[in-house]
Every structure is written in structure tokens, then in C-alpha cells.
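Enquirer: Predicted model follows, preceded by the sequence.
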Amino acid sequence: MVTFVFVITAISGLIWCFLLGGWGNFWRCDQVLNFEHSSSLKEYPPVAAIIPARDEANVLGQSLPSLLQQHYPGLLKIILVDDQSSDGTGAVAQRIATDLGHGDRLEVVSGQPLPPGWSGKLWAVEQGWQTVQSDKQSPEPWPEYIFLTDADIAHGRQTIKTLVEKAQRENLALVSLMVLLRCESAWEKLLIPAFIFFFQKLYPFPLVNNPHHKTAAAAGGCILMQRSALQTIGGIEALKEALIDDCTLAQKLKTQKLPIWLGLTRENWSLRPYDRLETIWQMVSRTAYTQLDYNPLLLLGTLLGMALVYLTAPVALVSAIIWGNTSLALVGAFTWVLMVIAYGPTLKFYGRSRLWGLTLPLIALLYSLMTLDSAWQHWQGRGGAGKVGFIPRGLNSL
């Protein structure tokens, strides 16, 4: 038994050596868009921003002004699609724009009933896209860029300007930012930085940003893309059956040899609270098994992979203490240290002590249990495919 645990832990250690040295340096958190040192353009192209919104009246007072008051030198038109809200989202949005003196910058579109084959969010985005395409009477040039965001995201005033400058300077078809997720409650401090770490490990940003590498990803809360690029892949309709629409969008663009860029930012942040374990648990378990295509083998592989990578080190240390085995203790401690080193930059980005890296096995266990509960709910006939986007595809590569 000692030999078996030693070998398994050594394999886990080798995996972490590979992750630290050979997986795109994902853990360094060095793909950060600098808002202060962007270069100005002679002319700024027109941008159309599309915001899908359903029952978001309570957050629009914080998020919508951040877009209406963007410091963008070019034409900026904001289209908010009120997806059949019951709380007066559209009226609230129009009132906010009027009160701020930016009523001419905002157009509120009343969402139509959901047709077969569409998710609610993507259908709302599609209606915004249709509005952009049908705007034939505008004397201004056709929008060169489309900006996609969510109603619960607040943006720094230079966001669109900085994104456009980067896209123009580097001739990018898509620029996307992983917004700063809320990290205030105890459960958010424990689980949210780990999500960012997991996402970067699943989609290493340096590999995403390498036009010669097939890895592609985007963060749906903040995406700027060329209108022509979206048309090239068939518009929003080409994404309607995707489980993870933002990453599918990035993949389709990269398949067409169109360069993309994904990075981190502190200038844009999510307003959505996940302040209780129950809230996070429900949100993950609602969709995790859906993202595994309801496949029991993928579920088993996910759980075994999580156990091998994250749980063997603490198990080895406890076993070494019980058995009094120094060699096992050393390999377990070495593996855990590698884990802490890898997690450190993400914790620093979120203002957390690197010592929180010691909790990564516990965090991985919680996410694994959420995924297992998602499958259990499905088998009991209680599962539901809700809004996809917070957790990458089934956690199966975390």
C-alpha cells in the first residue's frame, strides 16, 4: 500500500512539474491588459455594444452608467435587449440613460419569445445583432466592432477605448477580458480565485494568444470583436447550440485563422454576489453535468483526474504520518508545494495571501462534489441546464 500511494503521489508531482514548466506558463497571470499605457489612434471606429438583460433592474444602476459614460472618442451605440423581464428592466435602463444625459447612446429592444434551439442569453444577443444589422437609416458608418457584455458587469471608463486600441494595433479579430469576479464573502474568497486559476489551466492564456496554437477561449462578460469576423463565422446563430458560447466563438474565429487575445483585468468587475456556499453550489451543480454531455465516463474521468492532481498530496502526507514513512512525506510535501507555487500568482492578483494555496485540495474537493451532485440531480430527474458560463466544460481538465 505504501508503494502504491508513493507512486500515485509521484505521478501527481510530475503532473505539477509539467503544469509549471510546460503548459503555457498559465499560472503566472501575466496576460494583463494595461489601461494606462495604451496608444491613441488617429481615428476611432464606430462600436455597437450589445447587452442581454433579463430581470436585471437591481444592478443596472451600477453597470449601465459605466457603459453610457465610456470615454470613447468614436461613435458608441449601446443596445440593451430586455429579455421579457418582469421587473421593468427596459424602463429602468431608459430612465438611467435619460437621467445621465445619454439617451441618444442607448437603444432598448424588447425581446421576443424564445424560438426552438436557442438559449435565452444567446437569443437576446442575436436580437441585438439583428438590430445592429438592420440599422440602415443611421448616417454614421456601420459599426466596425461589436462589444458583448452582461448586465451585471461594470466597466472602467476607458474599457472600450483600450480594447479598440489593442485590436487595431495588433490586428486582432477578438479581444476579451476575464473581469474581476466578486471576492468579498468568506466563500467567495475561498472559491472564486480558484475558479480563475482553473479557467487559466484549462485554457492557458498565452496559448490562446498564440496564433499558431489551437487553444482558444474567451470570457463572455467582456468581448470586443470585429463585425466582419462575426459575419465570417455565420453570426450569433452559429453559436446557438454551443454549451460554452464564448469559448466556442473564440474557437470558430481561430479556426478561420483570425487572431484573438484573452487577458485579465482589474478595471472591469462583476456585480454578481456568490456570498454563500449554497449559492455557488447551486450555480455549479445546475450545469456541470450538462457540460459533460451527461456522459458517466466523462464524469468518472473528471473525478479521478481531480483526485489524482489535487488530493493525493494531502492523502500522502497524512498516510506518511500514520505509517512513519519519510520518503512518502517528502514526495507529498513536494507535490503540495508545487501546487501552492502554481496557485500563488492568482491569489496575489486577487489580493489574497499565497498561504491560501494550501487550501487548493479542499477547493478541488468541493468543486468535485458539486459536479457529482449535478450528475445525481440529473439521474433523479431534477437537473436543469441553466445559464452556462461560470464553470468551464465540466471541470474535466482542471
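Expert: In hand now; what should we look at?

Enquirer: Please count neighbours and contacts with C-alpha atoms only from this point.
Expert: Will do.

Enquirer: For the protein, give the strand that spans the most residues.
Expert: For the chain, the strand that runs over the most residues, judged by DSSP state E, is strand 260-270.

Enquirer: Spit out the contact partners of W356.
Expert: Going by Cα atoms under 8 Å, 6 or more residues apart in numbering, W356 touches V340, L347.

Enquirer: What are the boundaries of the helices in the stretch 101-250 of the chain?
Expert: 120-134, 159-170, 186-202, 205-208, 227-232, 245-255 (DSSP state H, counting those that start in this stretch).

Enquirer: Could you list every helix and strand in contact with the longest strand of the chain?
Expert: strand 153-155, strand 174-180, helix 205-208, helix 245-255 (3 or more Cα pairs under 8 Å, 6 or more residues apart in numbering; DSSP states H and E).

Enquirer: I51 touches D83, doesn't it?
Expert: No. The criterion here is Cα atoms under 8 Å, and I51 misses it with D83 at 10.1 Å.

Enquirer: before we move on, back to that, most tightly surrounded among the helices of the stretch 101-250 of the chain?
Expert: helix 205-208 (a mean of 24; mean count of other Cα atoms under 10 Å).

Enquirer: Tell me which residues are up against that one.
Expert: With Cα under 8 Å, 6+ apart as the criterion, helix 205-208 contacts 24-26, 31, 213-217, 260-263.

Enquirer: Surely F35 is in a helix?
Expert: No. F35: not assigned to a helix; according to DSSP: H, G, I helix; E, B strand; the rest coil it is coil.

Enquirer: That one - nearest residue in space that isn't next to it in sequence?
Expert: Nearest residue to F35, sequence neighbours excluded (Cα to Cα, 6 or more residues apart in numbering): T162, at 6.1 Å.

Enquirer: which stretches of the chain form strands?
Expert: So, for the chain - with DSSP E - the strands run 47-53, 76-82, 106-110, 145-149, 153-155, 174-180, 222-226, 260-270.

Enquirer: could you dump those strands to JSON lines with distance to Y289, mean pLDDT and mean neighbour count?
Expert: Formatted as JSON lines, the strands of the chain follow (distance: least, Cα to Cα, whole Å; pLDDT from 0 to 100; neighbours: other Cα atoms under 10 Å):
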{"stretch": "strand 47-53", "distance to Y289": "25", "mean pLDDT": "96", "mean neighbour count": "25"}
{"stretch": "strand 76-82", "distance to Y289": "29", "mean pLDDT": "96", "mean neighbour count": "25"}
{"stretch": "strand 106-110", "distance to Y289": "32", "mean pLDDT": "96", "mean neighbour count": "18"}
{"stretch": "strand 145-149", "distance to Y289": "26", "mean pLDDT": "97", "mean neighbour count": "24"}
{"stretch": "strand 153-155", "distance to Y289": "26", "mean pLDDT": "97", "mean neighbour count": "24"}
{"stretch": "strand 174-180", "distance to Y289": "23", "mean pLDDT": "97", "mean neighbour count": "24"}
{"stretch": "strand 222-226", "distance to Y289": "26", "mean pLDDT": "97", "mean neighbour count": "23"}
{"stretch": "strand 260-270", "distance to Y289": "25", "mean pLDDT": "96", "mean neighbour count": "21"}
